[in-house]
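sequence first, then the predicted structure:
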Amino acid sequence: MQTLGIVGGIGSGKSTIVSLLCELKKCFVIGADELGHRILLKGDLAYDQVVETFGESILDENGQIVRRRLGDIVFADREKLNALNTITHPIIYNEIKVQVERCKEEEKWDFVIIDAALLIEIGLVPLTDRIIGVFSDEQTRITRLIERDHFTKEQVLERINKQKKWEELEKVSHYIIDNRFTRENTKEQLKALLEKIMKGY
């Protein structure tokens, strides 16, 4: 069993890569975004600290954190984003480490996949055997996010500009998938890549 890290900026199509990998091989997927969402839920690991730091204006009528409101605050202010990351990143790292170790003990997966836009920032690189970088050009990413999340172009660019540039992600990647084209094209790239990985290249 190998652990694969998936990196790529917002809108690059990491979820498509993960979905296709699961079609091709027996994979256990650990989604850092999903973990990040879960730990913000009322009563979960990051909730109290985040509310204490950012105030009750981020809560809905049921006391749950509204991630869109929180996002609008942190993506407009680098210091506030750093404050959020200081709270959430260690928790996410620990949760992922536990899941990877559990999967190794089970010995029933071809791959464990760590899907994390912030793989580097959270410190997850040492938990991976290989890293796949997912590339899409900026305009493609903007179009996808406007269609998927109904963001304005300004909101999309704000989020893109807060993340690491592609050149930095490329440096830590052992393999690159070009995800600008069709799903079938991406699937063929992944098939070839998996052959390399299985042969130890």
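Yes, it's here.

list the contacts for residue 116?
Residue 116 makes contact with 5, 6, 7, 31, 32, 33, 96, 122, 124 under the criterion CB atoms under 8 Å, 6 or more residues apart in numbering. C-betas here are computed from N, CA, C, even on glycine.

what do you get for residue 138?
In this structure, residue 138 makes contact with residue 160, judged by CB under 8 Å, 6+ apart.

next one: it from residue 46, what distance?
Distance from residue 138 to residue 46, counting by CB to CB, to the nearest Å: 30 Å.

residue 114 now?
The span separating residue 114 from residue 46 equals 19 Å under the rule CB to CB.

pick out whichever of the two has more residues nearby.
residue 114 (26 against 22; other CB atoms under 10 Å).

which secondary structure state does that one sit in?
Three-state call for residue 114 (DSSP: H, G, I helix; E, B strand; the rest coil): strand.

I'd say it and residue 2 touch.
No: using CB atoms under 8 Å as the test, residue 114 is too far from residue 2 to be in contact (11.2 Å).

in this structure, which spans are strands?
With DSSP state E, the ranges of strands along the chain come out as 2-7, 27-31, 111-115, 130-135, 175-178.

output those as TSV; include the columns distance to residue 55 and mean pLDDT.
Shown next, in TSV, are these (distance: least, CB to CB, whole Å; pLDDT from 0 to 100):
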stretch	distance to residue 55	mean pLDDT
strand 2-7	32	96
strand 27-31	28	96
strand 111-115	30	96
strand 130-135	35	96
strand 175-178	40	97
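
which positions in the helix or strand of the chain with the lowest mean pLDDT come out as buried?
Evaluated with mean pLDDT, DSSP states H and E, the helix-and-strand set of the chain has its lowest mean pLDDT in helix 153-162, which scores a mean of 89. For helix 153-162, the neighbour count (16 or more other CB atoms under 10 Å) marks 155, 156, 159, 160 as buried.

stretch 161-172 too?
For stretch 161-172, using 16+ other CB under 10 Å, the buried residues are 163, 164, 166, 169.

which of those residues fall in helices?
166, 169 (DSSP state H).

can you put the buried residues of stretch 161-172 in a markdown table and add pLDDT and distance to residue 132?
As requested, these are exported to a markdown table (pLDDT from 0 to 100; distance: CB to CB, whole Å):
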| residue | pLDDT | distance to residue 132 |
| --- | --- | --- |
| 163 | 88 | 17 |
| 164 | 91 | 15 |
| 166 | 94 | 14 |
| 169 | 94 | 10 |
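
just give me the closest of the buried residues of stretch 161-172 to residue 85.
Looking at these and their distance to residue 85, the nearest is residue 163, at 11.8 Å (CB to CB).

now the closest one: closest residue in space, sequence neighbours ignored.
With sequence-adjacent residues excluded and distances taken as CB to CB, 6 or more residues apart in numbering, residue 163 is closest to residue 9, at 5.1 Å.

dihedrals phi and psi, that neighbour?
Phi and psi for residue 9, reported as degrees, to the nearest 10, are phi -70, psi 170.

burial count for it?
Residues contacting residue 9 under the criterion other CB under 10 Å number 21.

great, nothing more from me.
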